[in-house]
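[1] I would like to see how this sequence folds:
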Amino acid sequence: MDQGFLLITNAIRPYHRHNISILSLPPGGTYHFRYERKFVSPALSANFTDVPGLLVVRDRPTGRFLPIRWCTAIRQDNYGEFLFFDIRFEDIFDLTNPQRQNAWDIFGAQISKALPTGTGNQANTDIAPLVFPVSTQTLDDLGYHRQFDAIDERVRRHVDRWVQIVAALGSLDAYKNEHFYTVARLHTPASDRDCTPSKLASGRRGYKLQSGQLYFIEVIQATAPFETGRGPFEKLVLTAPAGHIEALRTSWMIDGRYDRARFVFYATPQDVSRMPSLFVLSKTPLSKDENIAPSAGRALAANEGPKEEVAFGEPVPPTLLDIDIKWGLRTLFGKRVLPGTALLAGVLLFLTADSIAAYWPLSSLANGPEYLRYGAIFSMAWALNSFSSFVNSFKIATPTHTP
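    Reported below is the predicted structural model:
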């Protein structure tokens, strides 16, 4: 692969809030983009799958650039005037503490050099194209690693890199008093090992959960700028399709400049061995029923100092987390191994009832073969019932969404 791409998004309303959701994704999370054709370079290959890239934020008032996250193209849909992209986001851009203060100037010059020939980048004006191919050498110069580290290591450093990027974005007026958040950890109290994103049956990347287990999702929240941010009272809400989880705590109020939200849920046992599903993590204003009534689209500021009124922004697009709910060993034994054994034993017992009844103590019973056949029928009926009418137990559920 000798070609990559840059994907530029302007820090202007309402598009600036998409970056909050993009940064909230764990490594491997997927996001959907839409562009008019005039903003996509005609040089971009139609064979877009698995092409590496970099998401870049542009500060429109100054024309400066900041790289924020590495990505990989999954899919491109061309509808003439409109193009749609599914992008898998990998590691957040590695911005060190010394670079944070001047990140817009340090990396802005490199991004400007990578713009297609003839692309003007003037302050307070639009630029085109926003999606265009670049050489992999350009990505290498910006710090691209062709081989990603182990997923455990990538998850471990995710929050540290997120903090640095959010701090740099917090210098823009567009992000003043915004609550940023990101998925930091998913784990179960039954094990010391965290759940990490991996490839799912759908081909996407997400979390594999075990049915019948209790889980925690931890989300880190911080308000930009870190020292002075005073965002509105809002709440984080975690939802999932009905029947896939039992919600124990799926709402968390944002009432300060930083916090660690912890959601608790129970993965409900499923009738099938693998249930593709998803979580929806969203940030929304508090309703009038939650004791803080908005007045003309405004709310009290969430900060540790005197309360102020801060305007609500545009809605933040929700964060989608792909999951597979799978059977554990106990469920697998109870739904497949044990019923299969009982079914086989029942068939054999029914066919050999006369021979077995010839042995003591059954030989002393006048109706020994009949009793054995009754027991065989019961065993087969229980096995078939446990198999969920046999066929349903073996099939894979139809995905709730397509890759």
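
[2] confirm A109 sits in a helix?
    Yes - assignment of A109 by DSSP: H, G, I helix; E, B strand; the rest coil places it within a helix.

[3] now it: how far from L142?
    Distance from A109 to L142, counting by C-beta to C-beta, to the nearest Å: 11 Å. In short, each C-beta sits where N, CA and C put it, glycine included.

[4] neighbour count for those two, which is higher?
    L142 (20 against 11; other C-beta atoms under 10 Å).

[5] state the pLDDT value of that one.
    Listed pLDDT for L142 reads 90.

[6] surely it is in contact with L54?
    Yes - with contact defined as C-beta atoms under 8 Å, L142 and L54 form a contacting pair (6.4 Å).

[7] any common contacting residues for these two?
    P67 (C-beta atoms under 8 Å, 6 or more residues apart in numbering).

[8] domain ranges for this protein?
    1-174, 176-327, 330-394 (automatic domain parsing).

[9] now the first one, how far from the centre of its chain.
    Looking back up the chat, that one is domain 1-174. 18 Å (C-alpha atoms, centre = their mean, to the nearest Å).

[10] swap in the last one?
    In terms of C-alpha atoms, centre = their mean, the centre of domain 330-394 is found 45 Å from the chain centre.

[11] could you give the average pLDDT over that domain?
    So the average pLDDT for domain 330-394 ends up being 82.

[12] now stretch 52-62: buried residues?
    52-60 (16 or more other C-beta atoms under 10 Å).

[13] kindly report the same for stretch 66-78.
    66-74, 76.

[14] could you do stretch 204-222 as well?
    For stretch 204-222, by 16+ other C-beta under 10 Å, it's 204-211, 213, 215-217, 219-222.

[15] give me the distance between the two termini of that stretch.
    28 Å (C-alpha to C-alpha, to the nearest Å).

[16] what's the burial count for the closest residue to I325 other than its chain neighbours?
    Spatial nearest neighbour of I325, excluding adjacent residues (C-beta to C-beta, 6 or more residues apart in numbering): M275 at 4.3 Å. Using other C-beta under 10 Å, the number of residues around M275 comes to 25.

[17] mind listing what M275 touches?
    Counting by C-beta under 8 Å, 6+ apart, the residues that M275 touches are 211, 244, 324-326, 397.

[18] restricted to strands, list these.
    324-326 (DSSP state E).

[19] pLDDT added to those residues, as CSV?
    Formatted as CSV, the ones in strands among the contacts of M275 follow (pLDDT from 0 to 100):
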residue, pLDDT
D324, 92
I325, 91
K326, 90
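
[20] ChimeraX command for the buried members of those?
    Applying 16+ other C-beta under 10 Å to the ones in strands among the contacts of M275 leaves a buried subset, and the ChimeraX line that selects it is:
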select :324,325,326
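
[21] would you turn the ones in strands among the contacts of M275 into JSON lines with distance to G368?
    Output for those, formatted as JSON lines (distance: C-beta to C-beta, whole Å):
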{"residue": "D324", "distance to G368": "49"}
{"residue": "I325", "distance to G368": "46"}
{"residue": "K326", "distance to G368": "44"}
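
[22] for the ones in strands among the contacts of M275, which one is nearest D192?
    For the ones in strands among the contacts of M275, the minimum distance to D192 (C-beta to C-beta) is 19.9 Å, reached by K326.

[23] find the nearest non-adjacent residue to the residue nearest the centre of the chain, please.
    When C-alpha atoms, centre = their mean is applied to the chain, the residue found nearest the centroid is L321 (2.5 Å). Computed as C-beta to C-beta, 6+ apart, the closest residue to L321 that is not its neighbour in sequence is F279, at 4.2 Å.

[24] and for G143?
    D94 (6.1 Å).

[25] quick check: the one you found is in a strand.
    No - residue state for D94 (three-state DSSP) corresponds to coil; a strand is not indicated.

[26] phi, psi of it?
    Backbone torsions of D94, given as degrees, to the nearest 10, read phi -80, psi 100.

[27] just the helices in the stretch 51-200 of the chain please.
    For the stretch 51-200 of the chain, the helices defined by DSSP state H, counting those that start in this stretch cover 97-100, 103-114, 136-141, 151-169.

[28] alpha carbons of the shortest one, as PDB, please.
    Right, the one you point to is helix 97-100. The C-alpha coordinates for helix 97-100 follow below in PDB (Å, rounded to 0.1, in the frame of the first residue of the first chain):
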ATOM      1  CA  ASN A  97       3.100  17.500  26.700                       C
ATOM      2  CA  PRO A  98       5.700  19.900  25.100                       C
ATOM      3  CA  GLN A  99       3.900  19.800  21.800                       C
ATOM      4  CA  ARG A 100       0.500  20.500  23.300                       C
END
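
[29] circling back: which one of the buried residues of stretch 66-78 is nearest H32?
    Closest to H32, out of all of those and judged by C-beta to C-beta, is I74, at 9.9 Å.
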